[in-house]
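# Generate coordinates for the sequence data below:
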Amino acid sequence: MKKKNVIIAVAILIAVVAIGIGYAITTVNLTVTGTASATTTSEFEVAFDGVTTGSTGTASATAKATTGTCAVTLDTVGNSQTCVFEFMNYSPTGINAEVAASNLVVYSDSAFNTQWTNSSSQYFTVTTTPSWTGTKTLAPGETSTFTVTVTLKKAWIGDTAHTENFYVKLADISATQA
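You can find the predicted model right below:
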């Protein structure tokens, strides 16, 4: 009886192998040719595009940088100078940027440690004015501008003119699907 079970098991094994070989012989081979590549283009990026126009102060921002500088020279109390910054949504297709006025932050130091507040300075008033109202949606490749206006509210004794730098940063901009 044991010998008969072994013979049946071997016969079943041979039948399974034969079916597998038969199937493999009758199937069609698939050949894939060509090249494929993958890149990481899904990164969200909103930055200055290096273009500044309409400034009475000296505005500077390097392309694809998230920081810029506004340098003004003022000599009369009440006078103002402006720096106009243009920025762009560099994100790939399908990723919009939601920008609010609160995303445009001015700092008093180049290390971006001290956010500017008008109450902390007796000499200057700084306002940031976007070219839109509310929240703006920027599609990929779209640009927008904002203005930093610096007004001299108190002069230094003995100075005929004073030059000051203010540092601008794009912060906490949200990504949304297009």
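# What's the per-residue pLDDT of the residue most central in space within the chain here?
Of all residues in the chain, the one closest to the mean position by Cα atoms, centre = their mean is residue 45, 2.0 Å from it. On pLDDT, residue 45 comes in at 92.
# Then residue 79?
pLDDT at residue 79 comes out at 93.
# The residue lying closest to it once chain neighbours are set aside: how many residues sit nearby?
In this structure, residue 79 finds its nearest non-sequential neighbour in residue 152, 5.6 Å apart by Cβ to Cβ, 6 or more residues apart in numbering. C-beta: built from backbone N, CA, C; applies to glycine. Applying other Cβ atoms under 10 Å, we find 22 residues neighbouring residue 152.
# so residue 152 makes contact with residue 77?
Yes - the pair residue 152 / residue 77 is scored as a contact, 5.5 Å apart, by Cβ atoms under 8 Å.
# Mutual contacts of those two, please.
The contact sets of residue 152 and residue 77 do not overlap (Cβ atoms under 8 Å, 6 or more residues apart in numbering).
# Residue 90 and residue 60: what is the separation?
Distance, residue 90 to residue 60, using Cβ to Cβ, to the nearest Å: 19 Å.
# so residue 3 is in which element?
helix 2-26 (DSSP states H and E).
# What helices and strands are in contact with the lowest-mean-pLDDT helix or strand in the chain?
When each helix and strand of the chain is scored by mean pLDDT, DSSP states H and E, helix 2-26 comes last, with a mean of 73. Of the remaining helices and strands, none touches helix 2-26 by 3 or more Cβ pairs under 8 Å, 6 or more residues apart in numbering; DSSP states H and E.
# picking up where we left off before, can you give the distance from the helix holding residue 3 to the centre of its chain?
63 Å (Cα atoms, centre = their mean, to the nearest Å).
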